[in-house]
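Peer 1: Next input, structure requested:
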Amino acid sequence: MRNGDTRVRGLAARAGGWSARHRWAAVGIWVLFVVLAMGLGSAAGRVDVKDSDQLKGETHTAAKIIEDAGIDEPASESVLIQARDAGGKATDADFRAAVAAVVKAVEGTGKVTDVTSPYNTNTISKDGRSALVQFDMRGDADTAGERVEPVLKAVEGVQKEHESLRIEEIGGASMMKTFDDAFGDDFQKAELSAVPVALGILLIAFGALVAALLPVLLAVSAIMATMGLMGIVSHVMPMSDTANSVMLLVGLAVGVDYCLFYLRREREERQAGRDSQTALRIAAATSGRAIIVSGVTVCVAMAGMLFTGLAEFEAMGLASLMVVAVAMVGSVTVLPALLSLLGERVEKGKIPWLHPESRLRRKRSGNRESRFWTAVLKGVLAKPVVSVVVAAGALLAVAAPALGMKTQNLTLDQEFGDSLPIVQTYNRVNEAFPGGSEPAEVVVKAADINAPEVTGALADFKAKAISSGASRGPVEIKLHDAQNLAFVYVPLVGGSDLDKAGESLDKLRDEVRPATLGKVDGVEAPITGQVAGSKDFNDQLAGAVVPVFAFVVVFAFVLMLLSFRSLTVAITSIVLNLLSVGAAYGILVAVFQHGWGASLVGAEGVGAIITWLPLFLFVILFGLSMDYHVFVVSRIREAHLRGRSTKDAIQHGVVTTAGVVTSAAVIMVAVFAIFGTLSMQSMKQMGVGLAAAVLIDATIIRGVLLPAVMALLGERNWYLPKWLHRLPDLTHDEAADAVATPAARDDESEPLRV
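Peer 2: I've put the predicted structure just below:
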């Protein structure tokens, strides 16, 4: 910026200036945008990800074959009849009577079809104590849980008549109903409670109702607009309920944070004695720019999910990217307009015990620095080497367990524990019939499914699946003559132990299939099922880790380089963020894989981390942690441009942002912690991982490591090699004092009306 030129440049400053001058227009455009997005999205409807598009590989091929054939697989159910004492056998008269009673009872409901007796299908356990009556629910499998209650009651009636036996139902429909009853509102309640929690924390932070409501209202409006946009975009890239929940989580976090950054800076400048016009101009040029840099960085991180090739991840990535972009635009456009309209009225609704006049007087006198962080910074800056060694060493120690991370899709008992009766039934079925509750499914497609060579290959496959040790049987074959398809159900040895079941699956795919069905020309036989789906998901996710990590890290590095024109800042930003993510991984492994301190968060060690979580956490955390980093470093750079030494700039930047960073972090930690209270282990893992990472990031990283590293580097923080000087300049070179001068004008040289 030339001497004497006080014109503010930068997109955020220009957007804020225009919005403040045309405040009613800015507010009207935002409201119109939200209403139009919701209306168009509602009219378009949302297209969700199909089962056939969820995964690639054999699981995808099998789902596509079934979909193209127009076959809607029903929800299958089983009734376990088991002798309670070791002497009881399936050949006993009372056992046979119970089986007959179950068959008659479930058929009598009129809700089922294809009921089979264990004496006809040989679904009797090896020890002879257990048997399975199997059947399918009528109608759509997705809604079978809504129709299964009469069947469950019929089975309960038989149980009452045969108390010497254990008679229990399990299957897709009964599990769906049980989980809907137990946890159906769990996730929704968490989503709904996140908003009042955020509002409560903002009330404490601001001490005024209007100031606290603004961030929440803008975040909610951004979420509502994005929900509409998701409906429109889903016709190009399908969405899902999971993507919607993640969008809400991310939207609330960044929406509140961005508004908080902007509002706190504007409020701070007014409390320092500046008029509303000047305070708003400074907030637009400083915090507004930090919001744009942070928002673009978060969007880039979320875009990393698009490289996974997994439809669910792509939906989550695109939905998160959209809500961040919408929240960012709203924060630098409609928020300045609202602040301009409200002026001093933003302090309306003061809560006396949270907003004492003495506190205001202290702030107006210019003492805006946090006493706690002032004390911490004094020690950190006095001994930066010790601070770096201690803080980095502690985080590396916390991250160490991540080296032994094991990922897998959680089984039913891992996900919900044994508190639910149906989980106990699941375990009993797997003990009696290893793999029987979740068999592998071979989808066989042929030009003529009844051709002699095909039927012979099916018989050979059935026999070899057992003789190879992949299954103990019984192997069931269902023919669909009209579609020339056969479904072969193979209980895998290993059952609910996914490692052992995975070995059995490999035998089927690599040994049994090539030696039987693979010898018949023109036959396709992809193998799907829960174990196959878990393996295919893991394989695809493993292949996506390197490109996703590389994309996010490289683009974040470039954005930081362009935004701060400092090679040093860009490198330290990436390293500190990776350290924060690593520490979060270590906590996850320690708590949920090894069970260390798991009871403190109402969880238990389940021996593994849910497969999708590490990559999801990396993308989310790498994006969200940039919020604080950009905000703090921007304030440090601003102080340095105003003539302070690097050490003084660090001191000023960290302690003056401590309040807003703490408030933002508390909101994020509280919102994420809500999800850590849910009953599902996967949701607990996500909530604890996110909350722990944000807490570490806002305290140890931003409060200790960042200032210590920058203090050690000194003026080298602002180093940019000469050969990089040709890079685009995305910085804002004006200092806050320059922005605050009465002569300052926007690009159109018009006065800023407040």
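
Peer 1: next structured bit after the strand or helix carrying E268?
Peer 2: Under the criterion of DSSP states H and E, E268 resides in helix 241-271. Using DSSP H and E, the helix or strand that directly follows helix 241-271 along the chain is helix 276-285.

Peer 1: Rounded mean pLDDT for the helix holding E268, please.
Peer 2: Mean per-residue pLDDT for helix 241-271: 83.

Peer 1: Pull out the buried residues from that helix.
Peer 2: The neighbour-count check on helix 241-271 (16 or more other CB atoms under 10 Å) flags 242-271 as buried. C-beta here means a position set from N, CA and C on the backbone, and glycine is covered the same way.

Peer 1: What about E169, how many residues nearby?
Peer 2: Look at E169: counted by other CB atoms under 10 Å, it has 25 neighbours.

Peer 1: any idea which helix is longest in the chain?
Peer 2: Longest helix of the chain, by residue count under DSSP state H: helix 530-564.

Peer 1: Pull out the buried positions in that one.
Peer 2: 530-538, 540-541, 544, 548-549, 551-553, 555-556, 559-564.

Peer 1: And the very next helix or strand once past it, what does it pack against?
Peer 2: Later in the chain than helix 530-564, the nearest helix or strand by DSSP H and E is helix 567-588. Contact analysis of helix 567-588 by 3 or more CB pairs under 8 Å, 6 or more residues apart in numbering; DSSP states H and E lists helix 384-399, helix 530-564, helix 613-641, helix 681-696, helix 706-713 as its packing neighbours.

Peer 1: Among the ones you listed, which comes closest to K478?
Peer 2: Of all those, helix 530-564 sits nearest to K478, with 17.6 Å by CB to CB.

Peer 1: now for that closest one, which elements pack on it?
Peer 2: helix 57-69, helix 287-303, strand 407-408, strand 440-445, helix 498-507, helix 567-588, helix 613-641.

Peer 1: thinking again about what came up before, got the helices and strands packed on helix 567-588 as a markdown table, with distance to V442 and mean pLDDT columns?
Peer 2: Output for the helices and strands packed on helix 567-588, formatted as a markdown table (distance: least, CB to CB, whole Å; pLDDT from 0 to 100):
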| stretch | distance to V442 | mean pLDDT |
| --- | --- | --- |
| helix 384-399 | 42 | 94 |
| helix 530-564 | 10 | 86 |
| helix 613-641 | 30 | 85 |
| helix 681-696 | 28 | 87 |
| helix 706-713 | 55 | 93 |
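
Peer 1: Nearest to Y119, out of those helices?
Peer 2: Taking CB to CB, helix 530-564 is the member of the helices and strands packed on helix 567-588 nearest to Y119, at 27.6 Å.

Peer 1: picking that back up, adding distance to T656 as columns, could you present the helices and strands packed on helix 567-588 in a markdown table?
Peer 2: Shown next, in a markdown table, are these (distance: least, CB to CB, whole Å):
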| stretch | distance to T656 |
| --- | --- |
| helix 384-399 | 20 |
| helix 530-564 | 18 |
| helix 613-641 | 6 |
| helix 681-696 | 21 |
| helix 706-713 | 13 |
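
Peer 1: out of those helices, nearest to M316?
Peer 2: helix 613-641 (7.4 Å).

Peer 1: Could you pull out the buried residues of the closest one?
Peer 2: For helix 613-641, by 16+ other CB under 10 Å, it's 613-641.

Peer 1: go on, stretch 193-200?
Peer 2: Residues of stretch 193-200 classed as buried: 194-195, 197-199 (neighbour count, 16+ other CB under 10 Å).

Peer 1: Quick one: residues in contact with that stretch.
Peer 2: By CB atoms under 8 Å, 6 or more residues apart in numbering, the residues outside stretch 193-200 that reach it are 212-213, 215-216, 219-220, 248-249, 252, 256, 667, 670-671, 674.

Peer 1: change it to 6 Å
Peer 2: Residues outside stretch 193-200 that contact it (CB atoms under 6 Å, 6 or more residues apart in numbering): 216, 252, 256, 667, 670-671, 674.

Peer 1: And these, which is closest to A98?
Peer 2: Looking across these and measuring by CB to CB, the closest to A98 is I674, at 45.4 Å.

Peer 1: Verify the contact between the closest one and L192 for me.
Peer 2: No - I674 is beyond contact range of L192, at 9.8 Å (criterion: CB atoms under 6 Å).

Peer 1: Overlap in contacts, the two.
Peer 2: Contacts common to I674 and L192, judged by CB under 6 Å, 6+ apart, are absent.

Peer 1: More neighbours: which of these two?
Peer 2: Taking neighbours as other CB under 10 Å, I674 and L192 compare with I674 leading, 20 against 12.

Peer 1: hang on, the earlier thing: need the helices and strands packed on helix 530-564 in TSV with distance to R23, can you?
Peer 2: Below are the helices and strands packed on helix 530-564 laid out as TSV (distance: least, CB to CB, whole Å):
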stretch	distance to R23
helix 57-69	52
helix 287-303	15
strand 407-408	50
strand 440-445	61
helix 498-507	58
helix 567-588	35
helix 613-641	25
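
Peer 1: which stretch among these comes nearest A83?
Peer 2: helix 498-507 (26.3 Å).

Peer 1: export the closest one as CSV, just CAs?
Peer 2: These are the backbone C-alpha positions of helix 498-507, laid out as CSV (Å, rounded to 0.1, in the frame of the first residue of the first chain):
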residue,chain,number,x,y,z
LEU,A,498,-14.2,-59.9,11.1
ASP,A,499,-10.5,-60.9,10.8
LYS,A,500,-11.2,-64.6,10.7
ALA,A,501,-14.3,-64.1,8.6
GLY,A,502,-12.2,-62.0,6.2
GLU,A,503,-9.9,-65.0,5.8
SER,A,504,-12.8,-67.2,4.9
LEU,A,505,-14.0,-64.6,2.4
ASP,A,506,-10.6,-64.7,0.8
LYS,A,507,-10.8,-68.4,0.4
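
Peer 1: Could you name the helices and strands sitting against it?
Peer 2: Helix 498-507 sits against helix 530-564, with contacts defined as 3 or more CB pairs under 6 Å, 6 or more residues apart in numbering; DSSP states H and E.

Peer 1: so how far is the helix it packs on off the chain centroid?
Peer 2: Chain-centre distance of helix 530-564: 14 Å, with CA atoms, centre = their mean, to the nearest Å.

Peer 1: Kindly report the same for stretch 402-411.
Peer 2: Distance, centroid of stretch 402-411 to centroid of chain: 17 Å (CA atoms, centre = their mean).

Peer 1: end-to-end on that stretch?
Peer 2: From its first residue to its last, stretch 402-411 covers 21 Å (CA to CA, to the nearest Å).

Peer 1: Could you give me the buried positions within that stretch?
Peer 2: Buried positions in stretch 402-411, judged by neighbour count with 16+ other CB under 10 Å: 402, 407-411.

Peer 1: Which of the residues you listed sits closest to R147?
Peer 2: For the buried residues of stretch 402-411, the nearest to R147 is T411 (26.0 Å; CB to CB).

Peer 1: and that closest one, how far is that from V256?
Peer 2: 36 Å (CB to CB, to the nearest Å).

Peer 1: List just the one of the helices and strands packed on helix 530-564 that sits closest to I29.
Peer 2: Of the helices and strands packed on helix 530-564, nearest to I29 by CB to CB is helix 287-303, at 17.4 Å.

Peer 1: Who are the packing partners of the closest one?
Peer 2: helix 11-21, helix 241-271, helix 311-332, helix 530-564, helix 613-641.

Peer 1: For K445, which of those helices is the nearest?
Peer 2: Smallest distance to K445 across these (CB to CB): 16.3 Å, for helix 530-564.

Peer 1: angle of the closest one against helix 57-69?
Peer 2: Going by axes from the mean of the first three to the mean of the last three CA atoms, to 10 degrees, helix 530-564 is angled at 110 degrees with respect to helix 57-69.

Peer 1: so where's the stretch 451-600 of the chain uncertain?
Peer 2: Scanning the stretch 451-600 of the chain for pLDDT under 70 picks out 496.
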